[in-house]
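Take a look and give me a structure for this.
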Amino acid sequence: MLSEESIQENVAGHESRNPVLLATMRDMGLDLQQSRSVEHHFLAENQQNASLLARALYEKGYLILMLAPSDSEDGSHSSCWNVEAQVQHTPEEAASSLISEELVRLAAQFDAVYDGWGTPV
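Sure, this is the predicted structure:
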């Protein structure tokens, strides 16, 4: 499991990136208060942890879009696993400190990392 220091660093990273992401979306004309499909991305150390994380996300109301080995830069499969989960949020909700910390901590329970969010524009 990630240390509390690592968790806080991960949360801080999201808190510094999210305002930039929201500004970019606002500049593109996106209504940041309109509910839409938002995808949250995670990386887990192995298939078992990825599956357990996916189950926990599903139990929280997320739709699991992907549970698969992560591709390496050379196109081969790495030992990490991708988990992608979708939920209805506004971009402002997705970028909130509350959601970031909740998902970072949830991922950490399964030796996984919350890698951020996105939405179609």
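
report the longest strand in the protein, please.
strand 77-89 (DSSP state E).

Would you mark the buried spots in that strand?
80, 81, 82, 83, 84, 85, 86, 87, 89 (16 or more other Cβ atoms under 10 Å). Where you see a C-beta, it was placed from the backbone N, CA and C, and this is true even at glycine.

cool, stretch 61-69 as well?
62, 65, 66, 67.

quick one, strands of the chain?
36-44, 63-71, 77-89, 112-118.

Output the ones you listed in a markdown table; the columns should cover mean pLDDT and distance to residue 105.
Listed next are these as a markdown table, based on pLDDT from 0 to 100; distance: least, Cβ to Cβ, whole Å:
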| stretch | mean pLDDT | distance to residue 105 |
| --- | --- | --- |
| strand 36-44 | 97 | 12 |
| strand 63-71 | 93 | 19 |
| strand 77-89 | 90 | 15 |
| strand 112-118 | 96 | 9 |
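
export those strands to TSV and tack on distance to residue 11?
Output for the strands of the chain, formatted as TSV (distance: least, Cβ to Cβ, whole Å):
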stretch	distance to residue 11
strand 36-44	14
strand 63-71	22
strand 77-89	17
strand 112-118	9
